[in-house]
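[1] Sharing a sequence plus its predicted fold:
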Amino acid sequence: MNAREYYSQIETTINDCPIVTHFSTEFDEIDQFVGYFKGKLDLMDGSILRFIEFIEIENEIVNCLKYKYHWQSKNGELIERWDNVPHHREIDTFPHHKHDNKGVYSSSNVDLKTIIDHLMDKLLI
């Protein structure tokens with residue numbers, strides 16, 4: 001797999017997602033195995049997910065070197081954000097963590113597919 005193929009998989013995941021009403025994405029291929037992706041997903045409840053991923057593919061394994069998935073209400077208020085910015089050393093999953101309007105929490109290393117699955121669980125109740 002290369003960066004372009006990974007980006008194609010992301011677009012397919014988004015296209016197939018029943019909670020996404022509109023989306024825009026950008027892809028910057030640094031080289032065959034390194035890429036930068038960003039996008040905005042408009043969701044069925046009016047909320048928005050903005051995301052970035054800086055990935056490197058090595059031996060068919062996608063390593064997400066930097067990521068941020070920011071889910072906000074239609075009024076712009078934070079619902080949840082996952083990222084790996086190294087600024088919460090007190091978190092046991094450092095640098096991976098999650099924010100909501102109550103604080104900062106441990107989080108596993110996530111990817112866009114995981115976040116979309118989470119959003120579907122929340123919105124398709």
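    Thanks, I have it.

[2] In this structure, where is pLDDT below threshold?
    Confidence mapping of the chain against pLDDT under 70 gives the ranges 125.

[3] Show me the strands in the protein, by range?
    Secondary structure of the chain (DSSP state E): strands at 20-31, 34-43, 48-58, 61-72, 78-83, 97-100, 103-106.

[4] Distance of the nearest residue to Ile52 once chain neighbours are set aside relative to Glu90?
    Distances taken as CB to CB, 6 or more residues apart in numbering put Lys38 closest to Ile52, at 4.5 Å, once the chain neighbours are dropped. Glycine gets a C-beta too; all of them are placed from N, C-alpha and C. Distance, Lys38 to Glu90, by CB to CB, to the nearest Å: 28 Å.

[5] Those two: which is more packed in?
    Applying other CB atoms under 10 Å to Lys38 and Glu90 shows that Lys38 carries more neighbours, namely 15 against 7.

[6] What's opposite that one in the beta bridge?
    Glu26, Ile52 (DSSP bridges).

[7] was I right about it contacting Ser24?
    No - with contact defined as CB atoms under 8 Å, Lys38 does not reach Ser24; the gap is 9.2 Å.

[8] what number of residues lie near Asn2?
    Neighbourhood size, Asn2 [other CB under 10 Å]: 15.

[9] Neighbours of Ile5, how many?
    Careful, residue 5 is Glu; it's not Ile. Here the number of neighbours of Glu5 (other CB under 10 Å) works out to 12.

[10] Distance check, it against Gln32.
    Separation of Glu5 from Gln32 (CB to CB) stands at 10 Å.

[11] same deal with Ser73?
    Distance, Ser73 to Gln32, using CB to CB: 39 Å.

[12] got it, and Asp45?
    In terms of CB to CB, Asp45 sits 38 Å off from Gln32.

[13] what do you get for Arg50?
    As judged by CB to CB, Arg50 and Gln32 stand 27 Å apart.

[14] Which of the two has more residues huddled nearby?
    Arg50 (14 against 11).

[15] Run a quick neighbour tally on the residue nearest to that one when sequence neighbours are not counted.
    Excluding its sequence neighbours, the residue lying closest to Arg50 (CB to CB, 6+ apart) is His70, at 4.7 Å. Applying other CB under 10 Å, we find 18 residues neighbouring His70.
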